[in-house]
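Visitor: Here is a sequence with its predicted model. Questions after.
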Amino acid sequence: MTDDARDTVLSRLDTVLSRLDARMADLESLYEDLHRHPEIGFQETRTAAEAARRLTSYGYEVHTGLGTTGVVGVLRNGDGPVVLLRADMDALPVEERTGLPYASTVPGTMHACGHDVHVTCLAGAADLLAAGRDHWSGTVIALFQPAEEVSGGARSMVGDGLFSKGLVPTPDVVLGQHVAPLAAGMIAYCSGACMASADGRRITFHGVGGHGSRPESVIDPIVMAAAFVQRVQGVVAREVAPKDQVVITIGALHAGNAANVVPDHATVDLTVRSFDDDVRARVLAAIDRIAKAEAAASNAPRAPETEVLNAFPVTRNDPKTLHKVNDAFAALFGARNLLAYEPVSGSEDVGDLATAADAPLYYWWLGGWDPDAFHAALRAGRVDQDIPTNHSPHFAPVKQPTLTMGVQALVTAALSHLG
């Protein structure tokens, strides 16, 4: 970016962002309120109502109830690109242990992944873009999505006609962010496939139950399941090329309830994560093949059954969009505050929105941890030990500068595309 172009970008950003300081006390209050009242996926009624109320007050055309609890606001401001900004709303079934004065008041539920940060930042960005509409042209879509953690939230909104029924114009670009256990004040990015697909499966093995003293009269599903668990690890070791990253995790194995009784079925819950759709398909097929083979080897009375628990796509950042937005980020935040990272095996469903719209996606990480604590842990080589990560009961982003930078980042990314 040339110096003149940078000056132009900064001038417009300074004008639109100039109202942020006056609105920050309200946004911090919103964040604390959301953190106190977390809601599980597809149950985000309170959060959705607040998002809709705010969007209406900012002058957006508002649609509610998409994908059960999803909310979308549309602000049309003349000719120009259509920019979609997305935030997820759901919390996790985790008991909070942060000790924060605004800790969760809902037993067994907390915003352990920072979606309360996402909602707050999008609300702030939607407000500033509406107030600063004299300085841009086009259309802004502010989308508050349910149920990212369990997957299906984005697909549910699309399935309810988000784009197909003309509720909102089809976006030219999809933008979003996720708070992370990085130093607040940093933005991390990855071009191309940046987050893995994730496929959750529950496999039920069928046997013939009976008395534990008469093994010859039973067909033991626990033996089948145990053999499957051992054998399936060989898929990564012997059926996937070393250059292809794949993770198979067995998360649960359930069978029986008494030491002297062989049950008639056993279930195995697993997750497959990968970065390539062809590899993904091959691994899932191998898992299905091994499950059937182990059942056949044990003379099972019928083939195992497979239930799809969830499915997240590979999250792919469009290189051209990333470069364009990062130029604007560098102009506002300084290039030294942008950090490239390697693809991570966590998963997201924001890509379902971009795919449905056939639009490029850029999804970045927003630092949210106390900078001094983070850099001290980094110097000591103890980041993994000392900095709680997403989904931890101790996950507690600092309010500042996280919220301010999160709002600024969304506004900056939107203005980098709007006329």
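Guide: Cool, the structure landed. Numbers count the residues shown, from 1 in each chain.

Visitor: going forward, measure contacts and count neighbours with C-alpha atoms only.
Guide: OK.

Visitor: And residue 135, how far from residue 231?
Guide: From residue 135 across to residue 231, the span is 60 Å (C-alpha to C-alpha, to the nearest Å).

Visitor: Next: residue 180.
Guide: 35 Å.

Visitor: Looking at those two, which is more packed in?
Guide: residue 180 (23 against 14; other C-alpha atoms under 10 Å).

Visitor: Quick one: residues in contact with the strand or helix carrying the more buried one.
Guide: Using DSSP states H and E, the secondary-structure element containing residue 180 is strand 173-183. With contacts defined as C-alpha atoms under 8 Å, 6 or more residues apart in numbering, strand 173-183 is touched by 82-87, 113-115, 117-118, 350, 353-354, 359-372, 374-375, 387-390, 397, 410, 413-414.

Visitor: Next, residue 172: phi, psi?
Guide: phi -90, psi -20 (degrees, to the nearest 10).

Visitor: strands paired with the strand holding residue 180, and their directions?
Guide: Its sheet considered, strand 173-183 pairs with strand 82-88 (parallel), strand 361-369 (parallel) by DSSP bridges.

Visitor: returning to what we had before: would you show me how to pick out the buried ones of the contacts of strand 173-183 in ChimeraX?
Guide: To isolate the buried ones among the contacts of strand 173-183 in ChimeraX, judged by 16 or more other C-alpha atoms under 10 Å, type:
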select :82,83,84,85,86,87,113,114,115,117,118,350,353,354,359,360,361,362,363,364,365,366,367,368,369,370,371,374,375,387,388,389,390,397,410,413,414
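
Visitor: who's in contact with stretch 240-251?
Guide: 229, 233, 236, 268-276, 279, 283.

Visitor: Which of those residues sits closest to residue 150?
Guide: residue 271 (12.5 Å; C-alpha to C-alpha).

Visitor: All the helices of the stretch 1-150 of the chain, in order from the start?
Guide: 3-17, 20-36, 45-58, 115-131 (DSSP state H, counting those that start in this stretch).

Visitor: Can you give me the buried ones in the second one?
Guide: For helix 20-36, the neighbour count (16+ other C-alpha under 10 Å) marks 20, 27-28, 30-36 as buried.

Visitor: How about the last one?
Guide: By neighbour count on 16+ other C-alpha under 10 Å, the buried set for helix 115-131 is 115-130.

Visitor: Same question for stretch 278-294.
Guide: For stretch 278-294, burial by neighbour count (16+ other C-alpha under 10 Å) applies to 279-280, 283-284, 287-288, 290-294.

Visitor: re the thing from before, and the next helix or strand past the strand holding residue 180?
Guide: Sequence-wise, the next helix or strand downstream of strand 173-183 (DSSP H and E) is strand 187-189.

Visitor: Pull up the pairing partners for that following strand, direction included.
Guide: Partner strands for strand 187-189, per DSSP bridges, with pairing direction: strand 338-340 (parallel), strand 361-369 (antiparallel).

Visitor: what packs against whichever helix or strand comes after that strand?
Guide: Counting by DSSP H and E, the next helix or strand C-terminal to strand 187-189 is strand 192-195. Under the contact definition 3 or more C-alpha pairs under 8 Å, 6 or more residues apart in numbering; DSSP states H and E, strand 192-195 sits against strand 315-317.

Visitor: Convert the C-alpha atoms of stretch 275-290 to CSV, please.
Guide: The C-alpha coordinates for stretch 275-290 follow below in CSV (Å, rounded to 0.1, in the frame of the first residue of the first chain):
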residue,chain,number,x,y,z
PHE,A,275,-7.4,-30.2,5.8
ASP,A,276,-8.2,-31.8,2.5
ASP,A,277,-11.6,-32.9,1.3
ASP,A,278,-10.2,-36.0,-0.6
VAL,A,279,-8.2,-37.1,2.4
ARG,A,280,-11.3,-36.5,4.6
ALA,A,281,-13.4,-38.8,2.4
ARG,A,282,-10.8,-41.5,2.3
VAL,A,283,-10.4,-41.6,6.1
LEU,A,284,-14.1,-41.7,6.8
ALA,A,285,-14.5,-44.5,4.3
ALA,A,286,-11.6,-46.4,6.0
ILE,A,287,-13.3,-46.0,9.4
ASP,A,288,-16.5,-47.4,8.0
ARG,A,289,-14.6,-50.3,6.4
ILE,A,290,-12.8,-51.2,9.6
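
Visitor: tell me how far it is from the chain's mean position?
Guide: 22 Å (C-alpha atoms, centre = their mean, to the nearest Å).

Visitor: what sits up against it?
Guide: 193, 195-197, 228, 231-232, 235, 239-240, 244-246, 272-274, 306, 314.
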